[in-house]
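1. curious how this folds, go ahead:
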Amino acid sequence: MDLFSQAHSLGIMTEFFDGQGRRHVTEEAALKIIVESFPQPTPHRLLDGTVVIRTGQPARSRLGDAAKLPVSWTIRRGDEAVAVGKAEEPMIEWPDDLPVGSYRLQLIDASLCREELPLIVAPPKAFGGEFDRGWLLAVQLYGIRSGRNWGMGDFTDLADLIELGAELGADGVGLNPLHALFDDRPGDFSPYAPNSRLFLNALYIDVEQAPGFQGGIDTSALESVRQTEQVNYKAVAALKWPALRAAFAAFRAGADAAHAAEFVAYRAERGELLERFCCFEVLRHRFKQPWWEWPEEWRQPDAARFRKMLQGPDRKETDFVAYVQWLAERQLRACKELGHRLGMKVGLYLDVAVGVQSDGFDAWNEQGAISRSLSVGAPPDPLNTLGQNWGLAGFNAPGLELRSFEPFREMIRASMRHAGAIRLDHVLGLKRLYLVPHGFPARQGAYVQMPFDALLAATALESVANACVVIGEDLGTVPPGFREQMADWGIWSYKVMIFEREDNGHFRDLDYYQPNALVTLNTHDLSTYAGWRSFGDLNTKRALGIDPGETDEERWRALGMLDEVLRHNGIGQNDVHSAIGFLSRTRCRLLAVSLEDLLGVVDQPNIPGTIDEHPNWRQKVPIALEDIAGAVDVAALKAATAERVSAAGMKQ
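-> Model prediction:
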């Protein structure tokens with residue numbers, strides 16, 4: 001099979017047209033790397049791919065032209081055959097009584113051609129939420145100031161934010177990704193470039209609440225990191241990690257019986273996955289190289305070797321990694337439970353990154369399903385004429401199919417553990433990913449088709465099991481029918497007011513916004529409302545030598561058109577509460593209001609395309625947590641969101 005035929009069999013599009021209608025053909029050298037980065041897929045001769053069944057709906061699959069009738073089939077769950085049948089016609093009618101879950105489908109035709117594929121039985125739709133309309137307080141947790149944290153926001157601050165949100169009438173708190181980063185690389189602090197999406201960032205732990213913590217902290221150093229205008233991750237890590245080790249040593253020497261039992265139960269619950277993560281972290285510290293350069297025996301996960309590590313000389317270190325994850329989990333779980341007690345309809349709304357760093361745990365743990373030598377990105381467009389390379393490894397379709405989509409489900413499940421809603425960043429990646437081989441310019445990537453239906457089914461399955469709403473970040477241009485298919489599976493859309501404009505630039509009116517969506521003024525990658533109205537974003541980008549993509553004249557026109565739609569709806573002012581009030585009237589069931597907007601912050605949290613030129617993911621809010629309630633115009637906020645707060649749920 002030649003290279004282009006191989007690429008086609010893997011769903012790799014060897015050419016595409018960009019947003020300006022220009023044709024791009026992937027160079028053969030780049031295409032060869034993409035092809036070789038994927039595991040060898042199961043040949044599809046009898047069926048064309050994963051079978052998806054939605055409960056309560058008829059399900060049938062047409063056999064391929066190469067199938068020789070009759071075709072016998074068996075549906076297995078583990079070692080158990082749960083259904084068998086024989087197709088005498090080229091159409092298979094699937095059983096309608098299979099419980100939701102993941103299965104393996106085995107087929108054999110009259111010529112003894114055998115095939116095995118995943119079969120997913122999913123709910124008809126993802127979890128839809130048990131509320132009408134509500135709103136969320138959106139926060140960059142790392143940027144919270146408080147009189148007690150250790151230089152960056154932590155889970156105790158999050159608990160206080162939940163209480164503040166409840167007082168303001170919010171139904172939850174939305175956060176930046178909380179994924180695990182690299183404890184020995186505090187400079188790698190982007191929450192969207194994680195070590196693992198399966199575990200948590202330990203720097204969010206409130207060390208003083210850790211079982212075993214006994215004090216003894218340098219108060220002057222602590223006060224110094226609290227007073228910085230930006231988060232100094234290196235200094236925070238230098239304080240937190242020794243304190244966590246000291247707490248662990250005390251916990252190990254004489255843990256309270258209840259805490260010890262809780263720790264054991266947590267390790268049992270997370271099981272082999274946690275054991276692998278603990279071993280990986282110890283090995284990563286030992287070898288100090290990317291995992292593909294480790295000694296051969298450690299380049300692949302190995303259960304037998306892990307058992308020896310967990311019980312041998314490395315036990316103390318692996319126990320420490322588990323202890324740290326337990327602390328993070330128990331503190332985040334306490335926040336979830338607090339939101340539930342306060343009657344919040346959502347509780348925590350968590351963000352899920354589109355990929356992981358190639359030298360991190362997830363890429364090592366799932367080497368078949370995650371392609372470490374490819375980076376997710378975007379092709380050239382009018383704003384990024386060279387294309388984009390995000391430096392993140394993503395899932396690949398053949399590897400997911402071989403593993404019955406368990407790596408994807410595991411990632412979704414981990415994200416939902418403590419959340420009432422999650423946002424999937426770049427949800428278009430469930431249908432197709434633009435992948436760039438390492439060492440090649442972004443324009444030399446290629447689109448790769450993903451098993452959209454199967455991934456939507458897996459998402460719906462986990463969503464219902466965890467009672468968690470799923471919101472897909474679907475900004476920008478998407479293929480025809482994409483949003484309709486998402487909606488059919490119950491995945492909500494993501495609406496950003498600043499983008500919701502007609503071709504002539506006019507802002508869309510209230511009746512445009514559909515119910516199953518989250519609506520917001522902006523995102524972490526866009527200007528704050530104060531920055532947008534004051535041209536702060538345009539001025540900042542120009543000062544950095546970045547084309548803002550908009551002239552001052554165009555901004556003045558946009559401001560005028562926003563005022564126009566506000567006036568059309570009887571809103572005579574254009575301050576942030578007026579804009580919030582407008583969005584509050586839409587049918588969108590969730591509204592997210594950023595803390596930065598409520599505090600009048602001008603600078604945005606992140607400017608895409610910059611690294612050190614702008615303090616991305618480092619800015620602290622200007623007001624300490626203890627003083628936020630006094631700094632926010634509570635009366636104006638409650639008036640703006642009044643339609644979203646039921647009489648029974650109004651907090652005074």
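2. strands paired with the lowest-mean-pLDDT helix or strand in the chain, and their directions?
-> Least confident helix or strand of the chain, by mean pLDDT, DSSP states H and E, is strand 15-17 with a mean of 85. Using DSSP bridges, the strands paired with strand 15-17 in its sheet are strand 23-25 (antiparallel).
3. residues touching the least confident helix or strand of the chain, excluding its own?
-> Contact partners of strand 15-17, identified using Cβ atoms under 8 Å, 6 or more residues apart in numbering, comprise 23-26, 379, 446-447. Heads up, the C-betas are built off the backbone N, CA and C, glycines and all.
4. low pLDDT regions in the stretch 351-500 of the chain?
-> Within the stretch 351-500 of the chain, the segments meeting pLDDT under 70 span 382-383.
5. tell me where it has strands.
-> Ranges of strands in the stretch 351-500 of the chain, per DSSP state E, counting those that start in this stretch, are 374-378, 388-392, 421-424, 432-437, 446-449, 469-472, 493-496.
6. in JSON lines, list those strands along with mean neighbour count.
-> Compiled in JSON lines, those are given as follows (neighbours: other Cβ atoms under 10 Å):
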{"stretch": "strand 374-378", "mean neighbour count": "23"}
{"stretch": "strand 388-392", "mean neighbour count": "20"}
{"stretch": "strand 421-424", "mean neighbour count": "24"}
{"stretch": "strand 432-437", "mean neighbour count": "24"}
{"stretch": "strand 446-449", "mean neighbour count": "20"}
{"stretch": "strand 469-472", "mean neighbour count": "27"}
{"stretch": "strand 493-496", "mean neighbour count": "21"}
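7. need those in JSON lines (columns: distance to Gln230).
-> Output for the strands of the stretch 351-500 of the chain, formatted as JSON lines (distance: least, Cβ to Cβ, whole Å):
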{"stretch": "strand 374-378", "distance to Gln230": "28"}
{"stretch": "strand 388-392", "distance to Gln230": "22"}
{"stretch": "strand 421-424", "distance to Gln230": "25"}
{"stretch": "strand 432-437", "distance to Gln230": "31"}
{"stretch": "strand 446-449", "distance to Gln230": "38"}
{"stretch": "strand 469-472", "distance to Gln230": "29"}
{"stretch": "strand 493-496", "distance to Gln230": "26"}
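8. ok, back up a step: the least confident helix or strand of the chain: how far from the chain's middle?
-> The chain centroid and the centroid of strand 15-17 are separated by 28 Å under Cα atoms, centre = their mean, to the nearest Å.
9. what do you get for stretch 567-576?
-> On Cα atoms, centre = their mean, the centre of stretch 567-576 falls 34 Å from the chain's centre.
10. check stretch 142-160 too.
-> With Cα atoms, centre = their mean as the basis, stretch 142-160 stands 22 Å off its chain's centre.
11. go through the protein and flag its longest helix.
-> Longest helix in the chain, counting residues (DSSP state H): helix 257-287.
12. quick one: buried residues of that one?
-> By neighbour count on 16 or more other Cβ atoms under 10 Å, the buried set for helix 257-287 is 263, 266-267, 270, 274-284.
13. ok, now stretch 502-511?
-> For stretch 502-511, by 16+ other Cβ under 10 Å, it's Phe507.
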